[in-house]
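Undergrad: Next one to model:
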Amino acid sequence: MPAASWALLAGNFVIGTGVMVVPGTLNELSTSLEVSPATAGQLITAAAIVMCLGAPLLAAVVAGWDRRILLSCTMLWYAAGHLLAMLMPNFGGLLAVRMLTVVAPAIFTAQAAACIGMLVPAEQRGRAVTFVFLGWSVASVLGLPIGAVIGGHFGWRTAFAAIAFLSVLSAYGIWSRLPAGIRPAALSREAWGRVLRNPLLMGVVSVTALQGAGQFVLFSYFAPVLRQTLGANASELGLVWGWFGICGLAGNVLVSRYIDRIGASRMVLITTVLIGVSLLLWPLGITLGWLALILVPWGLGCFAANSAQQARLVSLAPVLAPGSVALNSSGIYVGQAVGAAAGGWLLAHEAASWMSWVGLVTMLLALALSVAVDRAQLARGAALSV
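TA: Reported below is the predicted structural model:
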């Protein structure tokens, strides 16, 4: 991997930590801002909507930017947003600032994936994309649990301050490591049309959306659900997040190592099944110990599924990757928005026990659609004609 890949991995770590800080500190946000957990969870929904719409739109806006400047400035924006969020006295103010702050993830993740694809040979693209996306897994191992513990003991504002500090460090690292002059060719209106009209590419993006929705029905509300059902405190929640993250990191490492050998589409099937297994077994998690075992398959598949999907799009149509990967990011955030909204509705109506079943049905739909896309691809040939 080139040196720049480590800076981009670190950037995804900070981005992922910032995105997941809300689920990690949901109990503290709810108490501090005097709103219900279901209402506080709409911070996730609103942010996901912004990221969903922003990823493809901003991909077009920033197409001609030098990626070194773009990605560094994106991290500085992220830092400023988290600092401003600390000053918000109520839920409405925090919601508005949060929606502005997550412009950064809408840009960074997709552009980092497209950028690293230009720095490695074609045969290494799958591994390179999944390597950069490891930052999200590391965020789940370290960033999310540490943020949850900091939020639980010192308040959510302190957790936000820590993310702002890491964002500044990341901006410096990207500026130092990323070569200047990287400007992926801007997609023309015709090229965007080819992405949007291509049933295989849009099918893959739809799979991503279903995967995200199936997970975030429950994932968004781990903190209040585990507090209600198992009486978990801030430290125990931090351990749960940490264990989930360790599994996520292991899954992404395995995907990064073997995806070019077994193929991105098969890896998507494997990771989707793993997530579904945990959702099926979720009602058996009546203690923290049992829950830890049940979370293993989910953790292995969670972030690895996103990595495999991005590599799948890059391999299907490398020339259209800036657009398709941006739309895939939108798919991730559509899923988060729909899942968080559905989970919030179930939580508010005292139907939290249905969260895992709703998630499982959605993952089965994702699995069926992914198989259908694979069959359609085989019918058209090994790769798209672009």
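
Undergrad: who touches Leu313 in this structure?
TA: Going by CB atoms under 8 Å, 6 or more residues apart in numbering, Leu313 touches Leu201, Val204, Val205, Ala321, Ser324, Val325, Asn328. (C-beta placed from N, C-alpha, C; glycine too.)

Undergrad: give me that answer again for 6 Å
TA: Leu313 makes contact with Val204, Ser324, Val325, Asn328, according to CB atoms under 6 Å, 6 or more residues apart in numbering.

Undergrad: Outside of the lowest-mean-pLDDT helix or strand in the chain itself, list whatever touches it.
TA: Ranked by mean pLDDT, DSSP states H and E, the helix or strand of the chain with the weakest confidence is helix 125-138, at a mean of 75. Helix 125-138 has contacts (CB under 6 Å, 6+ apart) with 1, 5, 8-9, 12-13, 16, 112-113, 116-117, 120, 248-249, 252, 255-256, 259-260, 303, 307, 310-311, 314.

Undergrad: picking that back up, tell me which of the contacts of Leu313 is nearest to Val268?
TA: Closest approach to Val268 among these (CB to CB): Val204, at 8.2 Å.

Undergrad: Quick check: that closest one vs Gly359, distance?
TA: 20 Å (CB to CB, to the nearest Å).

Undergrad: on that earlier part again, could you single out the nearest of the contacts of Leu313 to Val61?
TA: For the contacts of Leu313, the minimum distance to Val61 (CB to CB) is 15.7 Å, reached by Val325.

Undergrad: where's the closest one, which helix or strand?
TA: Taking DSSP states H and E as the criterion, Val325 maps to helix 321-348.

Undergrad: got it, and Ala63?
TA: Under the criterion of DSSP H and E, Ala63 resides outside all helices and strands.

Undergrad: what's around it, how many residues?
TA: Ala63: 17 surrounding residues under other CB atoms under 10 Å.

Undergrad: Next: the one 10 residues further on.
TA: A count of neighbours around Cys73, defined by other CB under 10 Å, yields 17.

Undergrad: Phi and psi next, for it.
TA: Torsion angles at Cys73 (phi, psi; degrees, to the nearest 10) stand at phi -70, psi -30.

Undergrad: ok, back up a step: can you name the element that comes right after the least confident helix or strand of the chain?
TA: For helix 125-138, the succeeding helix or strand toward the C-terminus, using DSSP H and E, is helix 144-154.

Undergrad: Go through that following helix and flag the buried ones.
TA: Leu144, Pro145, Ile146, Gly147, Ala148, Val149, Ile150, Gly151, Gly152 (16 or more other CB atoms under 10 Å).

Undergrad: Quick one: residues in contact with the next helix or strand after it.
TA: Next helix or strand after helix 144-154 toward the C-terminus (DSSP H and E): helix 156-177. For helix 156-177, contacts defined as CB under 6 Å, 6+ apart pick out 3-4, 7, 10-11, 14, 17-18, 21, 25, 28-29, 71-72, 75-76, 78-79, 82-83, 85-86, 147, 150-151.

Undergrad: Same question for the very next helix or strand once past helix 156-177: list its buried residues.
TA: Sequence order places helix 189-197 as the next helix or strand after helix 156-177, per DSSP H and E. Across helix 189-197, burial judged by 16+ other CB under 10 Å covers Ala191, Trp192, Arg194, Val195.

Undergrad: which helices and strands sit right next to helix 189-197?
TA: The helices and strands touching helix 189-197, judged by 3 or more CB pairs under 6 Å, 6 or more residues apart in numbering; DSSP states H and E, are helix 321-348.

Undergrad: cutoff 10 Å now
TA: With contacts taken as 3 or more CB pairs under 10 Å, 6 or more residues apart in numbering; DSSP states H and E, helix 189-197 sits against helix 42-61, helix 199-219, helix 321-348.

Undergrad: looking only at pLDDT, what's the mean for it?
TA: If you average the pLDDT over helix 189-197, you get 77.

Undergrad: likewise stretch 221-239?
TA: 84.

Undergrad: Give me the distance between the two termini of stretch 82-102.
TA: In stretch 82-102, first residue to last residue: 10 Å (CA to CA, to the nearest Å).

Undergrad: Flag every buried residue along it.
TA: Under the neighbour-count criterion of 16+ other CB under 10 Å, stretch 82-102 has 82-86, 88, 91, 94-95, 97-99, 101-102 buried.

Undergrad: Next, count neighbours for the nearest residue to Trp65 once chain neighbours are set aside.
TA: Among residues not flanking Trp65 along the chain, Arg183 sits closest, at 7.2 Å (CB to CB, 6 or more residues apart in numbering). Arg183 is flanked by 15 other residues according to other CB under 10 Å.

Undergrad: got the contact list for Arg183?
TA: Arg183 sits next to Ala63, Gly64, Trp65, Asp66, Arg67, Arg68, Leu70, Cys115, Met118 when contact means CB atoms under 10 Å, 6 or more residues apart in numbering.

Undergrad: how close does the residue lying farthest from the centre of the chain get to Leu210?
TA: Taking CA atoms, centre = their mean, the residue of the chain most remote from its mean C-alpha position is Ala379, at 30.9 Å. For Ala379, the distance to Leu210 (CB to CB) stands at 22 Å.

Undergrad: Got the confidence number for the residue nearest to Trp65?
TA: Per-residue confidence (pLDDT) for Arg183: 74.

Undergrad: Numbering from 36 from now on, please.
TA: Sure thing, new numbering starts at 36, so read that last one as Arg218.

Undergrad: burial count for the residue lying closest to Ile185 once chain neighbours are set aside?
TA: Leaving out its chain neighbours, the residue that sits closest to Ile185 by CB to CB, 6+ apart is Ala194, at 4.6 Å. For Ala194, the count of nearby residues is 28 (other CB under 10 Å).
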